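**Student:** Sequence and predicted structure, then a few things I'm wondering about:
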Amino acid sequence: MAESAEDRYARWQWIHETAVMTGWDFAALGSRLVADEPPWDFDLTCAKAMARLQPCLDMGTGGGERLSKLVKSVSTVGGFISRRSSVHASEGWKPNLAVATSALEEYGIEVREYDSETGEPMPWSDDFFDLVMNRHESYDPAELARVVAPDGRFLTQQVDGTEASEFRLWFDGRPEAPENRLGPRLDELESQGFTITDADEWTGTMEFADVEAVIEYLAYIPWDVPGFTVADNLVALDRLAARRSPIEVTQKRFHIAAER
């Protein structure tokens, strides 16, 4: 017996309501999401910098998964952590704080709550860090200039604010941070006294196996289409479900290396 439209819509609603991310992990999507990777290796760049620049900070550490791997990989690039207290982490999303604290406890890494979008100062003193790393997290250039020591470095990989324009076309959404582009970010950092040593941008593809994978992904990343609901987008979702081929969405990334 074929599934009724009502049952299909109820299933989609259930997927969207029950999808909960722990830390920063898309493993639940498995092979239903295949994403291209940028040509640079941001994690390797960070590991090499950590090997010689401490104290260091990982901004927006998520569930601590990436920082755990970075700490382990420092020795493979010829470096070492001088002391356990020389690595720090911040996280702005409350559900991740406990997850990150638990994951990083064995490395002696304290996780402090910080979200640059609140306008609050970073919870560290002036010139505290020789290295600040930031992967897909917002930041305040003026606060970075305050906490990064002279001759210190800032490394970031960002999601371009115009990524996944297909989502906005299909679901009539608006990007949360359209100004998050390479050019403006370079200008902001330079205005705070940073010197740009490397920067690049890249465009690739994310491929979803089916419409259910898209719905689950949007539940994990609600800022891609703020306010998205299944009920308000049934026509668009039906059109996507009728496609025979995988559903493709544009990825956009940029990275910056800067010195103070």
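**Tutor:** Thanks, I have it. Computed from a prediction, not measured in an experiment: that's the story for all the values here. Numbers count the residues shown, from 1 in each chain.
**Student:** ok, how many other residues are close to the residue nearest to Glu259 when sequence neighbours are not counted?
**Tutor:** Spatial nearest neighbour of Glu259, excluding adjacent residues (Cβ to Cβ, 6 or more residues apart in numbering): Thr195 at 5.0 Å. Every C-beta, even on glycine, is put in place using the N, C-alpha and C of the backbone. Using other Cβ atoms under 10 Å, Thr195 is surrounded by 10 other residues.
**Student:** Please name the residues that touch Leu44.
**Tutor:** Leu44 makes contacts with Val77, as judged by Cβ atoms under 8 Å, 6 or more residues apart in numbering.
**Student:** cool, and Arg153?
**Tutor:** Here Arg153 is in contact with Ala49, Leu53, Asp130, Leu131, Val132, Ala257, Ala258, Glu259, Arg260 (Cβ under 8 Å, 6+ apart).
**Student:** In strands only, show me the residues you listed.
**Tutor:** Counting by DSSP state E, the contacts of Arg153 place Asp130, Leu131, Val132, Ala257, Ala258, Glu259 in strands.
**Student:** where's the second one relative to Glu37, distance?
**Tutor:** Read that as Leu131. 23 Å (Cβ to Cβ, to the nearest Å).
**Student:** With neighbour numbers in mind, choose between the two.
**Tutor:** The neighbour count for Leu131 versus Glu37, taken as other Cβ under 10 Å, is higher for Leu131 (22 against 11).
**Student:** and the more buried one, what pLDDT?
**Tutor:** Leu131 is assigned a pLDDT of 98 by the prediction.
**Student:** Look up which residues are beta-bridged to it.
**Tutor:** Cys56, Arg153 (DSSP bridges).
**Student:** quick one, what contacts it?
**Tutor:** Applying Cβ under 8 Å, 6+ apart, the residues near Leu131 are Ala49, Met50, Leu53, Gln54, Pro55, Cys56, Leu57, Gly152, Arg153, Phe154, Leu155.
**Student:** so who does the residue nearest to Glu259 touch?
**Tutor:** Ala258, Glu259, Arg260.
**Student:** what's the burial count for the nearest residue to the first one once chain neighbours are set aside?
**Tutor:** For Ala258, the nearest residue in space outside its immediate sequence neighbours is Phe194; the separation is 4.1 Å by Cβ to Cβ, 6+ apart. Applying the criterion other Cβ under 10 Å, we find 22 residues in the vicinity of Phe194.
**Student:** looking at it, Phe194 is touching Leu186, isn't it?
**Tutor:** No. Counting by Cβ atoms under 8 Å, Phe194 stays clear of Leu186, with 9.0 Å between them.
**Student:** Okay, buried residues for stretch 99-119 please.
**Tutor:** Val99, Ala100, Thr101, Ala103, Leu104, Ile109, Val111, Tyr114, Ser116 (16 or more other Cβ atoms under 10 Å).
**Student:** and it, how far apart are its ends?
**Tutor:** Terminal residues of stretch 99-119 lie 24 Å apart, using Cα to Cα, to the nearest Å.
**Student:** Might you quantify the distance of it from its chain's geometric centre?
**Tutor:** 15 Å (Cα atoms, centre = their mean, to the nearest Å).
**Student:** Let me know the pLDDT of Trp93.
**Tutor:** Reading off the model, Trp93 has pLDDT 86.
**Student:** can you start the count at 16 instead of 1 from here on
**Tutor:** Let's use 16 as the start, then, which means that last one is Trp108.
**Student:** And it, how far from Gly78?
**Tutor:** Taken as Cβ to Cβ, the span from Trp108 to Gly78 is 10 Å.
**Student:** So for the two, which residue has more residues nearby?
**Tutor:** Using other Cβ under 10 Å, the more surrounded residue of Trp108 and Gly78 is Gly78, with 25 against 17.
**Student:** State the helix or strand in which that one lies.
**Tutor:** Of the helices and strands defined by DSSP states H and E, none includes Gly78.
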